[in-house]
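Trainee: kindly return the folded structure for what I paste below:
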Amino acid sequence: MKTKISLIDTEIALAIGICLLLAMVIPQFQIMTACIAVLLCVQNGIKDNIKAGLIRIVITLIGGFVGIAVILADNYFLNPVLFIVMVMIGVLLTLFCCKLAGVPAFNARIGGVTFILVVLAKTGSDRIDYALFRLLSTVYGVAAVVLVTGVFSLFTGRNNKSL
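Mentor: Below you'll find the predicted structure:
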C-alpha cells in the first residue's frame, strides 16, 4: 500500500494555517486551542465536520461554564482544600452535563479536559479570561474547518462520502 497525503490532511493543514493567521492579528487568541479543534473536527465531509464542531463547542461551553463557576467560588472562599473538592465536583458536573447534552462519552472527557484547563492553567481571575478566549478560539477553529472543507467540497464534489 502506497502512503500519500489525503484530502483530509490537506484540509487540516489549510485550516490550521487560517488559525495561525488570526493569531498574528489577535495576540489573545489561543492558537493551540483552535488548532486542536481543527484536528479533532475534520471528518469525512462537511456535514460530519459541522456535527463534530458543534459537539466540540458544546463540550467547551460546558467545561468552561462549570470551570467559571468553580473559579468564582474559589475566588470567594480562597480555601485550597475546598478548591480540591470543588474541582472534583466540577469534573463530575462537567461529565454529567455533557451526558445530558447527548455528547458521546469520549467527547465528554474532552469537556473534562476543558474544565481542568480552565481551573488550573491560570491563577486568579485570569482563569475567566482564559475560559472565554478558549471558547472563542474553539469556535474559530471549528469555523476554519467548516470554511476549508466547504470550499473543498465545492471543488471536489465530496460531501460525506468515504475516502
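Trainee: only C-alpha atoms from now on, for both contacts and neighbour counts.
Mentor: Noted.
Trainee: which stretches of this protein form helices?
Mentor: Assigned by DSSP state H, the chain shows helices spanning 7-25, 31-41, 46-77, 80-100, 105-120, 126-156.
Trainee: and the ones you listed as JSON lines, adding mean pLDDT?
Mentor: Formatted as JSON lines, these follow (pLDDT from 0 to 100):
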{"stretch": "helix 7-25", "mean pLDDT": "93"}
{"stretch": "helix 31-41", "mean pLDDT": "93"}
{"stretch": "helix 46-77", "mean pLDDT": "96"}
{"stretch": "helix 80-100", "mean pLDDT": "98"}
{"stretch": "helix 105-120", "mean pLDDT": "95"}
{"stretch": "helix 126-156", "mean pLDDT": "92"}
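Trainee: in JSON lines, list the ones you listed along with mean neighbour count.
Mentor: As requested, the helices of the chain are exported to JSON lines (neighbours: other C-alpha atoms under 10 Å):
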{"stretch": "helix 7-25", "mean neighbour count": "17"}
{"stretch": "helix 31-41", "mean neighbour count": "23"}
{"stretch": "helix 46-77", "mean neighbour count": "21"}
{"stretch": "helix 80-100", "mean neighbour count": "17"}
{"stretch": "helix 105-120", "mean neighbour count": "21"}
{"stretch": "helix 126-156", "mean neighbour count": "21"}
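Trainee: N75 is in contact with G124, isn't it?
Mentor: Yes - counting by C-alpha atoms under 8 Å, N75 does reach G124; the two are 6.9 Å apart.
Trainee: what's near enough to touch A101?
Mentor: V58 (C-alpha atoms under 8 Å, 6 or more residues apart in numbering).
Trainee: ok, now how distant is it from N107?
Mentor: The spacing between A101 and N107, counted by C-alpha to C-alpha, to the nearest Å, is 11 Å.
Trainee: how far away is the nearest residue to G111 once chain neighbours are set aside from I18?
Mentor: Counting by C-alpha to C-alpha, 6 or more residues apart in numbering, the nearest residue to G111 once its immediate chain neighbours are dropped is I59, at 4.5 Å. Distance of I59 to I18, given as C-alpha to C-alpha: 23 Å.
Trainee: before we move on, what about V148?
Mentor: Taking C-alpha to C-alpha, one finds V148 at 9 Å from I18.
Trainee: ok, now G150?
Mentor: 14 Å.
Trainee: ditto for V25
Mentor: Distance of V25 to I18, given as C-alpha to C-alpha: 11 Å.
Trainee: burial count for K4?
Mentor: K4 has 7 neighbours, counted by other C-alpha atoms under 10 Å.
Trainee: check T3 too.
Mentor: 5.
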